[in-house]
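**Student:** what follows is a predicted protein model with its sequence.
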Amino acid sequence: MQVSNAMGILGLKIDVDTYWGMRRGVPLLLQTLKDFQVKGTFFLSIGPDNSGRAALQLIKNPLFLRKMMRTNAVGLYGWKTAFYGTLLPAPKIALSFPEIVEDIIAEGHEVQFHAWDHRRWQDELPTKTEKWIRDWFNQGIAGFENLTGNKPTAFGAPSWLIDDRVLKVIKEYNFAYLSCTRAKAPFIHHGTNIPEIPSDLPCFEELAAEKAVSVLADLLKTGGIHVLPVHAEVEGGIFNEKFQQLLQNALALGYSILPLKEIKTQLSLINLPIRRYQMELIPGRHSACAV
């Protein structure tokens, strides 16, 4: 697919991080995307929702508390989410809703692998062993295959958190591409020969609510290839109207809105730079991301 006559390409990287997001957010996002006649890539968390363990971060990380207050966390995630994996059992996320996964696929969207246990990766990855990482992938990919009948061909790391051990393990799964960083442009991960399609735009929840649409729309005026990180709990929740406004703006600018697999077909892989990630705290985030 060629888009040379368009302003640019906007990829939608839709992360599903929680049980609430899968149950409530994904159906609303599917309807929104259907209304606009556009497609995206859903990166699914497969296993347990241990979101309640995030309470530890409220004590350890003041930036996390500030983010929860700024983004109206209860409105985004629902009150039960705050207790999953602690006072309440941790429900499975995508595995609890095979019918919704079927709906995503039936609507023609791309489906890829995001996580087995999102919360533990996000909070504990640096302390875990390489065996834990490999077991995490094996559980998640087995669940993904059970839901879709296929192996995933891409991986998007929870919270854009990776390390050298992760990249070593990733090479065993023959992913066609990764979307694990907040870099500004696509590149090849050093030592892997795997292309990275990064989320270069900020998330809605990283921006002031009243300015989010205008800030993102201004960034799109540069044209080219961009990827918007979308969260089922956010744009499929209280930010849905703002998400619709941004889609309207992007289409009015002449953007083609595509899943990430279509962006990969637009890239000249042989000409992509080979780069090594680094970790950096970017504006609006509470912990460092790979950039």
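**Tutor:** Nice, thanks for sending it over.
**Student:** would you map the helices across the chain?
**Tutor:** With DSSP state H, the ranges of helices along the chain come out as 19-20, 26-36, 55-60, 62-70, 73-77, 98-106, 118-124, 130-148, 164-170, 212-220, 240-253, 260-266.
**Student:** ok, of the ones you listed, where does mean pLDDT dip lowest?
**Tutor:** Mean pLDDT per stretch puts helix 62-70 lowest among the helices of the chain, at a mean of 49.
**Student:** where's A176 relative to K221, distance?
**Tutor:** Look at A176 and K221: by C-beta to C-beta, to the nearest Å, they are 31 Å apart. Where C-beta positions appear, they are placed from N, C-alpha and C, glycine not excepted.
**Student:** ugh, wrong one, G237
**Tutor:** 27 Å.
**Student:** who's more crowded, these two?
**Tutor:** It is G237, of G237 and K221, that has more neighbours when counted by other C-beta atoms under 10 Å, with 21 against 10.
**Student:** so that one makes contact with P27?
**Tutor:** No. If you go by C-beta atoms under 8 Å, G237 and P27 don't touch, sitting 11.3 Å apart.
**Student:** joint contacts of those two?
**Tutor:** Counting by C-beta atoms under 8 Å, 6 or more residues apart in numbering, G237 and P27 have no shared contacts at all.
**Student:** spatially, what comes nearest to L28 if we skip its sequence neighbours?
**Tutor:** Excluding its sequence neighbours, the residue lying closest to L28 (C-beta to C-beta, 6 or more residues apart in numbering) is G236, at 4.6 Å.
**Student:** now the one you found: phi and psi?
**Tutor:** phi -100, psi 10 (degrees, to the nearest 10).
**Student:** per-residue confidence at D200?
**Tutor:** 98.
**Student:** neighbours around it, how many?
**Tutor:** For D200, using other C-beta under 10 Å, the count is 20.
**Student:** same thing with P273?
**Tutor:** 9.
**Student:** surely it touches H189?
**Tutor:** No. Using C-beta under 8 Å, P273 makes no contact with H189, being 10.8 Å away.
**Student:** wait, which of the helices of the chain is closest to F43?
**Tutor:** helix 260-266 (9.0 Å; C-beta to C-beta).
**Student:** buried set for the closest one?
**Tutor:** Across helix 260-266, burial judged by 16 or more other C-beta atoms under 10 Å covers L260, K261, E262, I263, K264, Q266.
**Student:** same check on stretch 282-290?
**Tutor:** Here stretch 282-290 shows G284, R285, H286, S287, C289, A290 as buried, counting by 16+ other C-beta under 10 Å.
**Student:** okay, now the closest residue to P27 other than its chain neighbours: neighbour count?
**Tutor:** Residue nearest to P27 in three dimensions, not counting chain neighbours: I100, with 6.7 Å by C-beta to C-beta, 6+ apart. Residues within reach of I100, counting by other C-beta under 10 Å, total 19.
**Student:** what distance do you get for I100 to G25?
**Tutor:** With C-beta to C-beta as the criterion, I100 and G25 are 10 Å apart.
**Student:** one more: D17?
**Tutor:** 9 Å.
**Student:** any shared contact partners between these two?
**Tutor:** Joint contacts of D17 and G25 (C-beta under 8 Å, 6+ apart) are H231, A232, E233.
**Student:** just checking, the second one touches G25?
**Tutor:** This means A232. Yes. Counting by C-beta under 8 Å, A232 touches G25, with 3.3 Å between them.
**Student:** comparing these two, which residue is more hemmed in?
**Tutor:** A232 (28 against 25).
**Student:** hmm, back to that, any residues in contact with both of A232 and G25?
**Tutor:** V16.
**Student:** show me the contacts for I170.
**Tutor:** F137, F155, L178, T192, I194.
**Student:** sorry, that was for H109
**Tutor:** For H109, the residues meeting the contact criterion (C-beta under 8 Å, 6+ apart) are L30, L33, K39, G40, T41, F42, P259.
**Student:** count the neighbours of the nearest residue to R285 once chain neighbours are set aside for me.
**Tutor:** Nearest-residue entry for R285: E206, 6.5 Å, with adjacent residues in sequence omitted and distances by C-beta to C-beta, 6+ apart. Neighbour count for E206, taken as other C-beta under 10 Å: 18.
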